[in-house]
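J.: Have a look at this fold, sequence not included:
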C-alpha cells in the first residue's frame, strides 16, 4: 500500500477516533468535567486534553513545519508520566485545574485535530505515520479509561446518575472447561497488524495439562463467597491482600451496596439490583485470587489464557491472570519518551487478558497484555478460574 493511501486511511480513522472520545462525554454536564474524587481517577477534561497533547507533542511539534503551539502551558497541564518531556502537574492535582476551562480544552482539541488532519494530506514518511498510529491507539486506550473514570465519578454521587451508553453485561451460557494438553506453545504477537511493544518477542513456553473455565464467575457465585465469610477468612488471602482488606474495609466488589438485605450495584445505567447470573465485575486481583482459593481452584497464567483464548468467548470483562507483568524475551524498549509507554511499568503489576465492553474493538486480541496493580478494581474486571 502506498504511503499516501495509508495516510488517507489514517486520517479517516483519526477523525473517527477523535469524535468517539467526545461522544463518551455526551452525558456530562459542565460541572462533571473537572471532578477528581480520588487520585487514580482523572477528570474527563484531563483525558480530552492529554490525548490532544500527545499528538501535538509527538507529531505536530516535531514534524510539522511552522506549527505553533496552542498554548505554552498545556504541556505542563496534560503530560501524564513522560519524564523525557519535562515537568507536569501531579496526578492527584489534575482535578484542581479549573483552568483551562472545558471550552478551552475543546478549542484545543479542534485546533490540533484540524492541524493533524491537514498534515496527513502531506507526503509523510512511514516513521511519522507510525507515531500517528501509536497516538490513535493511545487515544483509544484513554476512551476506555475515560469510561471507567466517569463511572467512578457518577458512582460516588449521592443520586447515582445514569450515563447514555450501550454498555451492559450479559449472562454467559457456556459452561464447563476448556482443556489444554501439556506441551510447548508459542506466545506473543506474530501478525503484521498493530500491537504494543509489550506483546512482541514471540517465544515458546511449556504448559502443563490444565483446564480453564468456559465462563466468568457470576455474581451469585461471588455472593456465596461473601456469605461464607470470604472477606473475614485470612487463610484465603495473600498477605498484601489481607492487609488491603483490613485497611480499606473491603466487604464486597466496588459499587456494591447492601440495602434492606438486598445487594445493589451501581452501573452506568444507575443503581440496580445485582443480577445473579451476570459476571461479577469490579474485583481486584486480591479478590480474584481469594475467590479462587475458596473454590479450590486458581487463576490461569497469561500463557494458559492465550492458548485457551481460541475456545473462549471473552470480551465482557478484563480477566485477572496469575502472571506478573514482565518483559518477553528480547523485549526492546524504544528510545526517548515513547519508550516510557510500557516498559517502566513492568514491576508490581499483574497481567490481565481479554477485553471489556468498554474496550475498542481493534484492541480486543488474544495477545493484548493489559496490566494493573493488584488492588485495582475501578476498571471492568472479572474472574475466570482454572485448575
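T.: On my side now, so go ahead. Since the structure is predicted, the reported quantities are computational estimates derived from the model, not experimental observations.

J.: Checking the residue located most distally from the centre of the chain next. Helix, strand or coil?
T.: Of all residues in the chain, residue 66 sits farthest from the chain's C-alpha centroid, using CA atoms, centre = their mean; the distance is 35.5 Å. At residue 66 the chain is in coil, as set by DSSP: H, G, I helix; E, B strand; the rest coil.

J.: quick one: it and residue 59, what's the gap?
T.: 14 Å (CB to CB, to the nearest Å). (Glycine included, C-beta is placed from N, CA and C.)

J.: State the number of residues packed around residue 26.
T.: Residue 26 is flanked by 9 other residues according to other CB atoms under 10 Å.

J.: same thing with the one 4 residues further on?
T.: Under the neighbour criterion other CB under 10 Å, residue 30 is assigned a count of 10.

J.: shouldn't it be in contact with residue 98?
T.: No. Using CB atoms under 8 Å, residue 30 is not in contact with residue 98; the gap is 11.0 Å.

J.: ok, residue 346 touching residue 328?
T.: No. Contact criterion CB under 8 Å: residue 346 and residue 328 do not qualify, at 10.2 Å.

J.: To which secondary structure element type does residue 58 belong?
T.: Three-state assignment for residue 58 (three-state DSSP): helix.

J.: Number the residues from 717 up from this point.
T.: That works, and once the first residue is 717, the last one we named lands at residue 774.

J.: residue contacts, it?
T.: Residue 774 is in contact with 847, 850, 851, 1053, 1054, counting by CB atoms under 8 Å, 6 or more residues apart in numbering.

J.: Rounded mean pLDDT for whichever helix in the chain runs longest, please.
T.: In the chain, taking DSSP state H as the definition, the longest helix is helix 842-871. What helix 842-871 shows for mean pLDDT is 97.

J.: Repeat that for stretch 814-834.
T.: Across stretch 814-834, the per-residue pLDDT values average to 98.

J.: and for it, what are the contacting residues?
T.: Contacts to stretch 814-834, defined as CB under 8 Å, 6+ apart, come from residues 727, 730-731, 734, 738, 746, 749-750, 761, 764-765, 768, 771-772, 775-776, 780, 783, 786-787, 789-790, 793, 848.

J.: who's in contact with residue 1067?
T.: 1018, 1037, 1039, 1040, 1041, 1085, 1086, 1087.

J.: helix or strand right after the helix or strand encompassing it?
T.: Using DSSP states H and E, residue 1067 falls within strand 1066-1070. Remark: after strand 1066-1070, the chain's next helix or strand is strand 1086-1088, criterion DSSP H and E.

J.: from the middle of its chain, how far away would that following strand be?
T.: In terms of CA atoms, centre = their mean, to the nearest Å, the centre of strand 1086-1088 is found 7 Å from the chain centre.

J.: Give me the contact list for that strand.
T.: For strand 1086-1088, using CB under 8 Å, 6+ apart, the contacting residues are 1001, 1034, 1041, 1061, 1065, 1066, 1067, 1068, 1069, 1095, 1097.

J.: Burial check on the first one, number of neighbours?
T.: Residue 1001: 26 surrounding residues under other CB under 10 Å.

J.: likewise the fifth one?
T.: Summarising burial for residue 1065: neighbours were counted as other CB under 10 Å, giving 17.

J.: Likewise for the third one?
T.: The tally of other residues near residue 1041 (other CB under 10 Å) stands at 21.

J.: returning to that earlier point: in the longest helix of the chain, what's buried?
T.: For helix 842-871, burial by neighbour count (16 or more other CB atoms under 10 Å) applies to 844-845, 847-848, 850-871.

J.: Show me which residues of the helix or strand following that helix are buried.
T.: Next helix or strand after helix 842-871 toward the C-terminus (DSSP H and E): strand 893-896. By 16+ other CB under 10 Å, the buried positions in strand 893-896 come out as 893, 894, 896.

J.: List just the nearest of the residues you listed to residue 755.
T.: The nearest member of the buried residues of strand 893-896 to residue 755, counting by CB to CB, is residue 894 at 38.7 Å.
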